[in-house]
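Chemist: Provide a 3D model corresponding to the input given below.
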Amino acid sequence: MRITTLSRYIRRLPWPEAFVPLQPRAFHADVVTRDSKGKPIKYKIPQSYDPYGPRPPPSDKIVQLAERIAALSEEERGHIMPALSERLKLPKLQPISTEGMDLGSDSGAAGAKVEEKKAEKTAFDIKLEKFDAAAKIKVIKEVRAFTNLGLKEAKDLVEKVPTVLKQGVTKEEANTIIEKIKAAGGVAVME
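Modeler: Residues are numbered from 1 along each chain as shown. Alright, predicted model coming up:
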């Protein structure tokens, strides 16, 4: 009710000739201006967008410096940034921790680092590999005991073999859980 009253009031206001109130799209297919001589405004879209605008050409000194840098060997070019950082007294960059991120392994050195991390691993996942069909109920009971799941959830989890049963447990806890599953008739591994 209030919206319709407000819209009626706005329509009665005297509008400047340059401004045309928005009309529903169903009534107007094209842009209509009140001025009969007015033309719709067409905007030119640039081929490429440069947020900094046009730049002046570099000075001769900069061009000569760029040529000298390009003529340097790859090893010498590697020393430019540290030397500039020291000369300009730029703050030292702090290393960013990539712990917990999967960056992939591009070289053998990265593979060696991954092996070191595995040796230092403190949290483990327990994965149920398989179980005897006759011992299914016992395995479900053991899974319920250490996961605090309901009967249906534990049953669904066991039936999705191979599946991760519990994540982020200590090595001692993982070994006890694996032994309990083994005693119940299942095969579990620590990852």
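Chemist: right, and residue 158 touches residue 138 too?
Modeler: No: applying CB atoms under 8 Å as the test, residue 158 and residue 138 come out as separate, 10.3 Å apart. (C-beta placed from N, C-alpha, C; glycine too.)
Chemist: Going by how many neighbours each has, rank the two and give me the top one.
Modeler: residue 158 (21 against 17; other CB atoms under 10 Å).
Chemist: got a list of what that one touches?
Modeler: 128, 131, 136, 139-140, 143 (CB atoms under 8 Å, 6 or more residues apart in numbering).
Chemist: repeat that for 10 Å
Modeler: 128, 131, 136-137, 139-140, 142-144, 149, 165, 186 (CB atoms under 10 Å, 6 or more residues apart in numbering).
Chemist: Where does it fall, secondary structure wise?
Modeler: Here residue 158, judged by DSSP states H and E, is contained in helix 151-159.
Chemist: Secondary structure class of the residue nearest to residue 92 when sequence neighbours are not counted, three-state.
Modeler: Spatial nearest neighbour of residue 92, chain neighbours left out: residue 85 (7.5 Å); criterion: CB to CB, 6 or more residues apart in numbering. Recorded secondary structure, residue 85: helix (DSSP: H, G, I helix; E, B strand; the rest coil).
Chemist: residues contacting residue 85?
Modeler: Contacts for residue 85 were tallied using CB under 10 Å, 6+ apart; they are 91-93.
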